[in-house]
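# below is the structure, and that's it, no one-letter string:
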């Protein structure tokens with residue numbers, strides 16, 4: 001008799017998710033595409049489980065590069081979904097890779113403009129038309145006095161306070177009554193939607209939603225074509241560390257650093273409140289995608305932002321809760337340790353064996369391999385080398401990393417960050433290195 005999901009161990013849940021990832025229930029283009037797809041997924045799952053695959057798997061380190069490779073720029077594909085599809089499929093067809101990342105982070109410019117999004121600048125909107133990437137705009141979108149409002153009701157706070165400050169279209173929502181009152185007779189609550197400004201907001205959102213659906217359909221089609229051709233996606237969803245959720249989007253770097261000293265109890269309480277939010281969103285994404293790997297970009301936990309003592313007090317506890325919440329749902333957290341995480345190695349090793357992929361930007365990978373010998377690690381060919389170096393340099397760096405990190409399994413070859421531009425021949429050099437030096 002099959003076990004109920006709630007009765008399974010995390011390892012059993014993960015095996016079920018790995019099976020789903022291996023057999024996604026799609027029609028492959030050919031028996032060869034299906035064979036290659038299963039080889040590629042198996043390569044990753046064995047590396048995660050610290051079992052020896054046929055060779056070291058490679059996560060091709062590209063984000064916006066396919067646009068440049070096809071002769072476009074980021075601004076063009078943000079506005080033209082036909083060209084977005086053309087560019088990503090050209091890249092798919094031209095590169096032999098172990099995985100394929102659809103353009104889910106190439107956001108639709110029209111939607112961002114319609115909602116007056118303030119947290120990013122993008123090509124043609126605050127940045128030059130040919131800018132190769134977005135630019136994050138940090139701000140104090142939550143006041144220090146508003147911690148209790150966030151803690152008491154995150155959904156209400158985000159709707160009536162955060163969104164009106166971070167996207168201009170939501171400004172009239174500041175006038176809305178609390179989102180979660182006990183309303184037995186909701187007539188008064190309903191009446192507020194007669195406000196002309198609130199009605200206008202909804203009209204704009206309906207139009208933006210139609211545009212967002214067009215974009216989502218294009219991205220979904222690209223991803224489906226990649227799967228059918230035999231290329232798995234290795235991002236099933238995204239999550240965040242609660243410290244970054246507060247520090248990136250709500251309080252800003254200055255605000256959260258001051259809060260660590262002035263109101264540490266409120267900061268701790270808010271981060272704890274956001275743990276289930278971070279977990280549930282990632283679980284939903286993974287259930288929809290069929291891929292169990294959850295990408296987690298880490299921003300403010302790097303060595304230059306706080307001491308190890310502060311990291312252990314403020315950053316790690318709730319972040320570990322998020323990761324364990326994902327692990328207990330059979331998912332594989334893949335934290336991307338941006339910056340220098342070498343000072344954190346003895347702290348972050350505190351996770352179950354083979355439960356996580358630690359993806360490093362700047363790191364002594366030999367030291368990481370030694371200390372994190374119970375988990376899979378990934379990285380860290382310098383992105384500067386990938387962008388400006390020569391293929392021979394890239395291949396030699398990959399050889400060195402494979403020599404240090406691959407013994408015993410548990411290594412995924414990739415760069416320390418993603419390429420938005422640069423020498424695409426370096427990607428081929430990376431794949432060649434894996435095939436030549438990474439065979440077990």
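Ah, there it is. Owing to the predicted nature of the structure, the values given are computational and were not obtained by experimental measurement.

# what is the subsequent helix or strand relative to the helix or strand containing residue 274?
Using DSSP states H and E, residue 274 maps to helix 264-289. Remark: after helix 264-289, the chain's next helix or strand is strand 293-298, criterion DSSP H and E.

# now the helices for the stretch 1-150 of the chain?
Here the stretch 1-150 of the chain has its helices, by DSSP state H, counting those that start in this stretch, at 10-22, 31-48, 65-69, 74-79, 81-94, 109-114, 147-152.

# all the helices of the stretch 251-400 of the chain, in order from the start?
252-262, 264-289, 308-310, 316-327, 345-348, 365-371, 383-388, 391-405.

# the first one packs against which elements?
For helix 252-262, the contact count by 3 or more Cβ pairs under 8 Å, 6 or more residues apart in numbering; DSSP states H and E identifies helix 264-289 as packing neighbours. No exception for glycine: its C-beta is placed from N, CA and C like everyone else's.

# mind listing what's buried in the helix it packs on?
266-268, 270-271, 273-275, 277-279, 282-283, 285-286, 289 (16 or more other Cβ atoms under 10 Å).

# show me the two of those residues that sit farthest apart.
The span of the buried residues of helix 264-289, defined through Cβ to Cβ, is set by 266 and 289 at 35.0 Å.

# hey, least reliable of the helices of the stretch 251-400 of the chain by pLDDT?
In terms of mean pLDDT, the lowest-scoring of the helices of the stretch 251-400 of the chain is helix 383-388 (a mean of 93).

# follow-up on the earlier one: now the helices of the stretch 1-150 of the chain in a markdown table, with mean neighbour count and mean pLDDT?
As requested, the helices of the stretch 1-150 of the chain are exported to a markdown table (neighbours: other Cβ atoms under 10 Å; pLDDT from 0 to 100):
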| stretch | mean neighbour count | mean pLDDT |
| --- | --- | --- |
| helix 10-22 | 17 | 97 |
| helix 31-48 | 19 | 97 |
| helix 65-69 | 24 | 94 |
| helix 74-79 | 23 | 96 |
| helix 81-94 | 18 | 96 |
| helix 109-114 | 19 | 97 |
| helix 147-152 | 17 | 97 |
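
# pLDDT score for the residue of the chain positioned farthest from its centre?
Each residue of the chain has a distance to the centre, and by Cα atoms, centre = their mean the biggest one is for residue 185: 41.8 Å. According to the prediction, residue 185 has pLDDT 73.

# also the one 5 residues further on?
The model reports residue 190 with a pLDDT of 87.

# buried residues in stretch 196-205?
201, 204.

# for the lengthiest strand in the chain, which outside residues touch it?
As assigned by DSSP state E, the longest strand anywhere in the chain is strand 332-340. Contact partners of strand 332-340, identified using Cβ atoms under 8 Å, 6 or more residues apart in numbering, comprise 14, 48, 234-235, 239, 241, 292-299, 301-305, 319, 322-323, 326-327, 344, 355-363, 378, 417.

# ok so, going back, confirm that the residue farthest from the centre of the chain sits in a helix.
No. Read with DSSP: H, G, I helix; E, B strand; the rest coil, residue 185 is coil and lies in no helix.

# gap between it and residue 191?
Using Cβ to Cβ, to the nearest Å, residue 185 is found at 12 Å from residue 191.

# next one: the helix or strand where residue 201 lies to chain centre, how far?
For residue 201, the host element (DSSP H and E) is helix 196-228. Put simply, helix 196-228 sits 20 Å off its chain's centre (Cα atoms, centre = their mean, to the nearest Å).

# that helix packs against which elements?
Partner elements for helix 196-228 (3+ Cβ pairs under 8 Å, 6+ apart): helix 81-94, helix 109-114.
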